[in-house]
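Undergrad: fold the stuff below for me.
(chains A and B)
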Amino acid sequence: MALDLKAVSPKTRLALLGTAALAVVACFMLIGAGGNWNFVLPFRGAKLAAMVLVAYAIAVSSVLFQSITHNRILTPSIMGFDALYLLIQAVIVFSLGIDPLLDTGNPNLRFAFEVIMMTGFACLLFKALFNGAAHSLHLMLLAGIVFGLLFRSLSSFVMRLIDPNEFMVLQDRMFASFNAIQTGLLWVSAIAIGLASVVAWRLRHQYDVLSLGREIAVNLGIDYRRTVMLTLALIAVMVSVSTALVGPVTFFGLLVSNLAYVTAGSDKHKYLLPMAVLWGVVFLVGGQVLLERVLELNATVSVVIEFVGGILFLFLITRKKH
Amino acid sequence: MIEISNISKRYGETVVVDDVTLTLPAGGVTAIIGPNGAGKSTVLSMISRLLPMSAGRVLVDGIDVLKGDSKELARRLAILRQDNHLPMRLTVRDLVAFGRYPHSGGRPTVDDALHVERALGYLSLEPLADRFLDQLSGGQRQRAFVAMVLCQDTDYVLLDEPLNNLDMRHAVDMMKLLRRAAIELGKTVILVLHDINFASCYADRIVAMRDGKVAYHGTPLELIQPAVLHDLYQLDIRVREIDGQRICVYY
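TA: Numbering: from 1, shown residues only, chains lettered A, B, ... in the order given. As a prediction, this is how the structure comes out:
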């Protein structure tokens, strides 16, 4: 049986998981709908779209991040990317006040502004880490965790300076929640992710080479610095989108990317990327169906996913020690 | 032709390579020798754009290695460093196939597959082709990396201590292979060697480095001399002619 599994081609694997993802999506849309289609379909549709976007953004950003850092334990959130996004939000609220935040006039414009800020800052910050000297995995992990802590402490400091009413609004965004998704940002998010994906997909062969390590990648003619910086920008866009939609999720990316490595049956990014996205959809939407519809619990799916992902993280860390 | 003009590498106060100027003509096997810390690997890394220089520049066939198109350079020059570590699990054939990337851009053709099989054959890796690299010995892994670099099919092949981890038979096979590549295919092979007898027997030219500078540069006949070697290594080295080959005895 084990041998048969290994012989399954990457394309078949993708098709199988794709079918599973579709089934999960159908369950989410149909179970317990009770016939109120006019209400249920748009309501659930928006929520589904947001979850798929988040799963997509987290999966792709994690795989890309792991390819450019040449290891499979790091994710953008472990390295403090989403903490940075929250810090930028807190600083914006502090310096500009709540009005631009609540002003429903143009949340898209605000979002675009935040994404640009985030991308700029992230590129500046992480440029230093990948430009040469810092090759050690442990050093990078530590630096990332310290950065994350720093950003989180800074944003909680900034929040103490904020007016309590504004703080309430902001606090809602500090915890991952798939029940209170910012559906207003769906369109602009979809466009941002779509554009980032086009660029990432065109670079897919380069990522295959990049994951061999810097020296081999340079030898094979990859413009290392340019590709890494461009990819960091793509990752920043994706992390901004997922954090803006549902808040920070730490271990989800680790979970789906590592599942993709194990199950894709290939090391090529043209299989790894879609595989990770499909796992993301299965976990996120499937988890939601299971908790909300089947078990009828009010617990948030993020807690469960973080729990599973966290355990996987510990497992990977201890296994890598050998 | 590789033209190296006044390249230096400094780390803070420490000067590792000090104002090296050197012209390496196309064709033949060039060995870079010298004691530990002489800057051999650093020079090789700077020629191959893996390491930016603090000063100076390197031209490969007239292309500045730092300013030129990296993809174009990858079709002309290949580099293999020592201590290659892969962050992922790959089979030997998959690794060697990556050598075709500069030509195929990730979409390998039938011709690319032929190159891969040929490179595997050159290094007698066919029986190991479908094994994972982490299941191989250090020497077998080293041969797999050399196969990848040869598969790149470049005019210039730069190797940093390619004989590392190889037993005597494979070390000799490797040097014969590189000589054949130089003679039959017209490749320019530049390699860092620690065993000066290999340099003496297989190189067309020797560049001897010491303290970040090129101390000597010439044919094996000119450089494999007791006085030169003593100056280079601070060691009494006798040179004996055995079967027409100049062999150093220093044990």
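
Undergrad: contacts and neighbour counts: CA atoms only from here.
TA: OK.

Undergrad: so how far is A:Leu185 from the residue sitting nearest the centre point of chain A?
TA: Nearest to the geometric centre of chain A sits A:Ile58, at 1.9 Å (C-alpha atoms, centre = their mean). With distances taken as C-alpha to C-alpha, to the nearest Å, A:Ile58 is found 17 Å from A:Leu185.

Undergrad: what does B:Asp167 give?
TA: Counting by C-alpha to C-alpha, the gap from B:Asp167 to A:Leu185 is 63 Å.

Undergrad: wait, B:Asp211 touches B:Asn36, no?
TA: No. Counting by C-alpha atoms under 8 Å, B:Asp211 does not reach B:Asn36; the two are 9.2 Å apart.

Undergrad: quick one: which of the two has more around it?
TA: More crowded of B:Asp211 and B:Asn36, by other C-alpha atoms under 10 Å in any protein chain shown: B:Asp211, with 18 against 13.

Undergrad: residues contacting the more buried one?
TA: B:Asp211 is in contact with B:Val16, B:Val17, B:Asp18, B:Gly37, B:Ala38, B:Gly39, counting by C-alpha atoms under 8 Å, 6 or more residues apart in numbering or on different chains.

Undergrad: tally of neighbours for B:Tyr156?
TA: 27.

Undergrad: ugh, typo on my part, it should be B:Tyr11
TA: By the measure other C-alpha under 10 Å, the count of residues near B:Tyr11 is 9.

Undergrad: before we move on, what about A:Ala7?
TA: A:Ala7: 9 surrounding residues under other C-alpha under 10 Å.

Undergrad: now swap in B:Arg169 and tell me
TA: Here the number of neighbours of B:Arg169 (other C-alpha under 10 Å) works out to 8.

Undergrad: what sits up against whichever helix or strand it is part of?
TA: B:Arg169 is part of helix B:168-184 when elements are defined by DSSP states H and E. Applying C-alpha under 8 Å, 6+ apart, the external contacts of helix B:168-184 come out as B:Gly27, B:Gly28, B:Val29, B:Tyr122, B:Leu123, B:Leu163, B:Lys187, B:Thr188, B:Val189, B:Phe198, B:Tyr202.

Undergrad: these in helices, which ones?
TA: Members of the contacts of helix B:168-184 lying in helices (criterion: DSSP state H): B:Tyr122, B:Phe198, B:Tyr202.

Undergrad: OK, contacts around residue 77?
TA: No chain specified, so I'll use chain A. Counting by C-alpha under 8 Å, 6+ apart, A:Ser77 makes contact with A:Ala83, A:Pro248, A:Val249, A:Thr250, A:Phe251.

Undergrad: wait, I meant chain B there
TA: Residues in contact with B:Leu77 (C-alpha under 8 Å, 6+ apart) are A:Asn219, B:Ser48, B:Thr154, B:Asp155, B:Tyr156, B:Val157, B:Leu158.

Undergrad: what do you get for B:Ala144?
TA: Counting by C-alpha under 8 Å, 6+ apart, B:Ala144 touches B:Val92, B:Leu95, B:Val96, B:Leu120, B:Leu123, B:Leu125.

Undergrad: of these, closest to chain A?
TA: For these, the closest approach to chain A (C-alpha to the nearest C-alpha) belongs to B:Leu95, at 9.1 Å.

Undergrad: packing partners of the host helix or strand of that closest one?
TA: Assigned by DSSP H and E, B:Leu95 belongs to helix B:92-98. Applying 3 or more C-alpha pairs under 8 Å, 6 or more residues apart in numbering or on different chains; DSSP states H and E, we find helix B:92-98 packed against helix B:110-122, helix B:138-151.

Undergrad: for these, give me a markdown table that also has mean pLDDT.
TA: Putting the helices and strands packed on helix B:92-98 into a markdown table (pLDDT from 0 to 100) gives the following:
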| stretch | mean pLDDT |
| --- | --- |
| helix B:110-122 | 93 |
| helix B:138-151 | 91 |
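
Undergrad: now do stretch B:183-193, average pLDDT.
TA: For stretch B:183-193, mean pLDDT is 93.

Undergrad: what is the burial count for the closest residue to chain B within the stretch 101-250 of chain A?
TA: Here the stretch 101-250 of chain A gets closest to chain B at one residue, A:Gly221, 4.0 Å apart by C-alpha to the nearest C-alpha. Using other C-alpha under 10 Å, A:Gly221 has 23 other residues around it.

Undergrad: re the thing from before, quick check: closest non-adjacent residue to the residue nearest to the centre of chain A.
TA: Sequence neighbours aside, A:Gly253 is the residue nearest to A:Ile58 in space, at 5.4 Å (criterion: C-alpha to C-alpha, 6 or more residues apart in numbering or on different chains).

Undergrad: the one you found is in what secondary structure piece?
TA: Here A:Gly253 is assigned to helix A:252-263, by DSSP H and E.

Undergrad: can you pull the phi/psi pair for the residue of the stretch 151-251 of chain B found nearest chain A?
TA: Residue of the stretch 151-251 of chain B nearest chain A, by C-alpha to the nearest C-alpha: B:Gln152 (8.1 Å). Backbone torsions of B:Gln152, given as degrees, to the nearest 10, read phi -70, psi -20.
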